[in-house]
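Engineer: okay, here's the prediction I keep looking at, along with the sequence it came from:
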Amino acid sequence: MEIGAYIRIITKRLWIIALAAVLTAGSAFVFSKLQTPVYRSTVYLNVIPARMDLGLVQTVKWYMRNYAGQIQSRTTAARVIDRLQLDITPNELAAKLTVSPIESDYLLQIDADDYDPILAGQIAQTTAEVFSEKIDVDMLEVDKNDRLQISIRDWAEPGVLHKPKWKINTLAGGLMGGLVGLLVVLILEWLEADVIRSSEDVERHTGVAVLGLIPAVPGAPSRTPARWRRETPLTASR
């Protein structure tokens, strides 16, 4: 089938595609609005080696991955809970944290998620403080030339909306609905591919040329649909 034929099919049934897109986009919008908003606050920790030695730099990168696990540990979470006087378990607080080492910049990114934007900022900031204080104590037993310094780059601010992203969800729902509508249009066209509606369909199915049509007689009773009366072949020749 030529591209022009597909375009005509889509244009003819464009309302189906539009309806499916509107319905799915509306559903995604409503679903997003019904969800409880989750806010995220982010804080960064600098991981600075005592000297820029190649061996020490490689060690720093290994430590950063290890530090990420320590920050999300129940031990760190318990200290944060004690400092903030939270009524949750260490596992619940650890689940609110996401730690990502950024090795190229010697940074540890700490993300804290919570339904309360203020509390999200407090969790992120306190987690960074608790961990940096722990490392300062640990480094006292390490030679000065091999020490790592952990410092907070910026203070954590109140969380910003992390999810649901209703704009993205609505757009994705509309696109998905449009694809579903297009699929429905193609299926309907395939199901009706053998239905004869015009003289062109007769020529395509029979391989003969239609030379004339029997005109419909106004007011004449007939069970034959009008489109069949207008397009019934009169004569044909190969």
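Structural biologist: Perfect, thanks for sending it. Residues are numbered from 1 along each chain as shown.
Engineer: how's this structure carved up into domains?
Structural biologist: 3-34+166-191, 38-163, 199-237 (automatic domain parsing).
Engineer: so which of these is the most surrounded?
Structural biologist: domain 38-163 (a mean of 16; mean count of other Cβ atoms under 10 Å). For glycine as for every other residue, the C-beta is placed from the backbone atoms N, C-alpha and C.
Engineer: grab the longest strand from this protein for me.
Structural biologist: Counting by DSSP state E, the longest strand found in the chain is strand 38-49.
Engineer: any residues touching the helix or strand following that one, and which ones?
Structural biologist: Next helix or strand after strand 38-49 toward the C-terminus (DSSP states H and E): helix 54-71. Here helix 54-71 makes contact (Cβ atoms under 8 Å, 6 or more residues apart in numbering) with 47, 49-50, 76, 97, 99-101, 103, 106, 108, 110, 127, 131, 134-135, 146, 148, 150.
Engineer: can you name the element that comes right after helix 54-71?
Structural biologist: Taking DSSP H and E, what comes next after helix 54-71 is helix 74-84.
Engineer: what angle sits between that following helix and helix 54-71?
Structural biologist: 60 degrees (axes from the mean of the first three to the mean of the last three Cα atoms, to 10 degrees).
Engineer: related to what we said a few turns ago, any chance of a markdown table for the domains of the chain, columns mean pLDDT?
Structural biologist: Shown next, in a markdown table, are the domains of the chain (pLDDT from 0 to 100):
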| stretch | mean pLDDT |
| --- | --- |
| domain 3-34+166-191 | 84 |
| domain 38-163 | 89 |
| domain 199-237 | 54 |
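Engineer: strands of the chain, start to end?
Structural biologist: 38-49, 97-102, 107-114, 148-152, 160-163, 209-210, 236-237.
Engineer: mind putting these in CSV, distance to residue 139 included?
Structural biologist: Converted to CSV, the strands of the chain look like this (distance: least, Cβ to Cβ, whole Å):
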stretch, distance to residue 139
strand 38-49, 11
strand 97-102, 18
strand 107-114, 15
strand 148-152, 6
strand 160-163, 33
strand 209-210, 93
strand 236-237, 96
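Engineer: what's the closest of the ones you listed to residue 13?
Structural biologist: strand 209-210 (26.2 Å; Cβ to Cβ).
Engineer: show me what the longest strand of the chain pairs with in its sheet, parallel or antiparallel.
Structural biologist: strand 107-114 (antiparallel), strand 148-152 (antiparallel), strand 160-163 (antiparallel) (DSSP bridges).
Engineer: how far is that strand from where the chain is centred?
Structural biologist: 24 Å (Cα atoms, centre = their mean, to the nearest Å).
Engineer: now swap in stretch 87-107 and tell me
Structural biologist: On Cα atoms, centre = their mean, the centre of stretch 87-107 falls 22 Å from the chain's centre.
Engineer: again with stretch 131-139
Structural biologist: Counting by Cα atoms, centre = their mean, stretch 131-139 is centred 38 Å from the centre of its parent chain.
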